[in-house]
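> Give me a 3D structure for the following:
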Amino acid sequence: MQTLNDLLAESKIFQNREVLSPHYIPKKLIFREKEINDIEKAIAPSLKGEKGRNLFIYGKTGTGKTTCTKYVINEISTLPNIKTKISYINCRIYNSRYRVLNKIVSDHLPNYAKRGFGTVDLYEKLINWMEEDTKVLVIALDEIDMVKDLDDLIYTLTRINSDIRFGGVSIIGISNNVSFKDDLDPRSLSALYESELVFPSYYANELYAIIKDRVIEGFKENAISDEVLHYIAAAAAKEGGDARFSLNVLSEAGEYAELNNEDSVKMADAEKAIQKAGEDAVYELISTLPYDQKLVLYSIVLIAESGGSYKKLSDGIDTYIFSGEIYSRYKSLAEGLHKTFKSERWYRNYISELETYGLISSFESGKGIRGHTKLIKLIYPSKKIKKVIESDLFSVSDPKSPDEK
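Numbering: from 1, shown residues only. Next comes the predicted model:
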């Protein structure tokens, strides 16, 4: 066990831990030059005082969507004499129309936002502020699918362009999940999807170059070998080309080496870090699922814990659940939460996607069991999945605006 003196001693492994964070914005983003340029093209009209194009960015976790968007925002902040104003909003935190509007006003009129005004007051204040000297506002909504009243939010933000004489608002929506747009009102969809940008997953050689670049600044010289870096990059490529995964593994492997008082990161440290990061990635994936898909997975968890109509199959160890039983529980949960449940067609899509993500497995039962039916099995421990989902579905209610109370 490390003593306090050990913890306070200079690290043998790390030189600058900050650059290993997935939230760190490097001076140069390799393998994303095209995507950065596409974001710049969408924003460029705003920099000339015109309304820019609304842009929807999507791709898997760890493909650089947020990093590239923040990179461009940082670029713009260094330009002189620009009237363009930008709000970057994490919709996992600001997950309602009121919260987003309040955050925008808070970014640019901090004293006003603190006074507890309602949605209409915030909207009118925003309009007046923009018209004062013909401002153009770019709003980046990261994890946009987390906004609970997204149609209302998009309507409100796009309506600004009709209510002001000069300037304008453009939206950059960022999401890991392109399918969430299927739930949008057609008018919201047409407003948001003026242009799309898909971020592809990274290849193993690209991931190697990315983490090698971070190692130069973040690790002591000779603290990690190319062999270990290639091993980490290959593991991240198998995880869907996730750069965030590779950076988490890199940092965690360094922590294991330091904990063991080693002079350099060993392959065994990387193996342990990959195992831990893999588990963390699964639960992060669950937290990013659309609301109804979370509810379907939660239904599976509840039935798995209590035991369904078909408790055991074949060897008496694996627990399977009838697909129809899951759909019934999902409908019951949705109604209890005063939500509209999706059709069976959508439900089948959700099940298919959950299986693609590796969260469940399924097979057709054959004629002997209720005719032909699908049997579902949960892959990961139900207890932790349940905790992740409950923290999202049943968190403390969002504060409402004064005019909504």
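> Every contact and neighbour count from this point should use C-alpha atoms.
Will do.
> What are the structural domain limits within this structure?
33-199, 203-287, 291-393 (automatic domain parsing).
> Tell me which of these lies nearest to Lys12.
Evaluated over those, closeness to Lys12 peaks at domain 203-287, with 5.8 Å, by CA to CA.
> quick one, helices of the stretch 251-400 of the chain?
267-287, 291-306, 323-336, 344-356, 382-393 (DSSP state H, counting those that start in this stretch).
> Which positions in the third one come out as buried?
For helix 323-336, the neighbour count (16 or more other CA atoms under 10 Å) marks Ser323, Glu325, Ile326, Tyr327, Arg329, Tyr330, Lys331, Leu333, Ala334 as buried.
> Wait, the fourth one touches Leu295, no?
No. With contacts counted by CA atoms under 8 Å, Tyr327 stays clear of Leu295, the gap being 10.0 Å.
> list residues touching both of these two?
Shared contacts of Tyr327 and Leu295, defined by CA atoms under 8 Å, 6 or more residues apart in numbering, are absent.
> So Ile104 versus Val19, what's the distance?
Shown here: Ile104 relative to Val19, a distance of 29 Å by CA to CA, to the nearest Å.
> now do Ile89
Ile89 is 22 Å from Val19, by CA to CA.
> just to revisit the earlier point, with mean pLDDT and distance to Phe14 as new columns, can the domains of the chain be given to me in a markdown table?
Formatted as a markdown table, the domains of the chain follow (pLDDT from 0 to 100; distance: least, CA to CA, whole Å):
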| stretch | mean pLDDT | distance to Phe14 |
| --- | --- | --- |
| domain 33-199 | 90 | 23 |
| domain 203-287 | 95 | 4 |
| domain 291-393 | 84 | 32 |
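> will you turn those into CSV that also has distance to Ser11?
Output for the domains of the chain, formatted as CSV (distance: least, CA to CA, whole Å):
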stretch, distance to Ser11
domain 33-199, 28
domain 203-287, 7
domain 291-393, 33
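> So for Ile13, which of those domains sits nearest?
Across these, closest to Ile13 is domain 203-287 (CA to CA), at 5.4 Å.
> In this structure Ser87 contacts Ile139, no?
Yes. If you go by CA under 8 Å, Ser87 and Ile139 touch, sitting 4.9 Å apart.
> joint contacts of these two?
Contacts common to Ser87 and Ile139, judged by CA under 8 Å, 6+ apart, are absent.
> if we can go back for a sec, so which of the helices of the stretch 251-400 of the chain has the densest surroundings on average?
Greatest average neighbour count among the helices of the stretch 251-400 of the chain goes to helix 291-306 (a mean of 20), per mean count of other CA atoms under 10 Å.
> Name the surrounding residues that touch that one.
Residues contacting helix 291-306 (CA under 8 Å, 6+ apart): 286, 319-321, 326-327, 329-330, 333-334, 341-342, 347, 350-351, 354, 378, 382, 385-386, 389, 393.
> 6 Å instead, please
The set of residues external to helix 291-306 that reach it, using CA atoms under 6 Å, 6 or more residues apart in numbering, is Ile326, Arg329, Tyr330, Tyr350, Ser382.
> Now do it against helix 344-356: the angle between them, please.
70 degrees (axes from the mean of the first three to the mean of the last three CA atoms, to 10 degrees).
> and helix 291-306 with helix 267-287, angle?
110 degrees.
> From Pro45, how far out is Thr63?
Thr63 is 26 Å from Pro45, by CA to CA.
> So between those two, which is more surrounded?
Thr63 (22 against 16; other CA atoms under 10 Å).
> so Gly49 is in which element?
Under DSSP states H and E, no helix or strand contains Gly49.
> distance of it from Val136?
Taken as CA to CA, the span from Gly49 to Val136 is 6 Å.
> and what of Ile39?
16 Å.
> repeat for Arg92
25 Å.
> and the two? which has more neighbours close in?
Ranked by neighbour count (other CA under 10 Å), Arg92 and Val136 place Val136 first, with 26 against 17.
> so what's the more buried one up against?
So Val136 contacts Ser46, Thr84, Gly167, Gly168, Val169 (CA under 6 Å, 6+ apart).
> Look up phi and psi at the fourth one.
Pointing back at Gly168 there. When quoted as degrees, to the nearest 10, the phi and psi of Gly168 stand at phi 170, psi 170.
> just the strands in the stretch 51-200 of the chain please.
55-59, 84-90, 136-142, 168-175, 195-199 (DSSP state E, counting those that start in this stretch).
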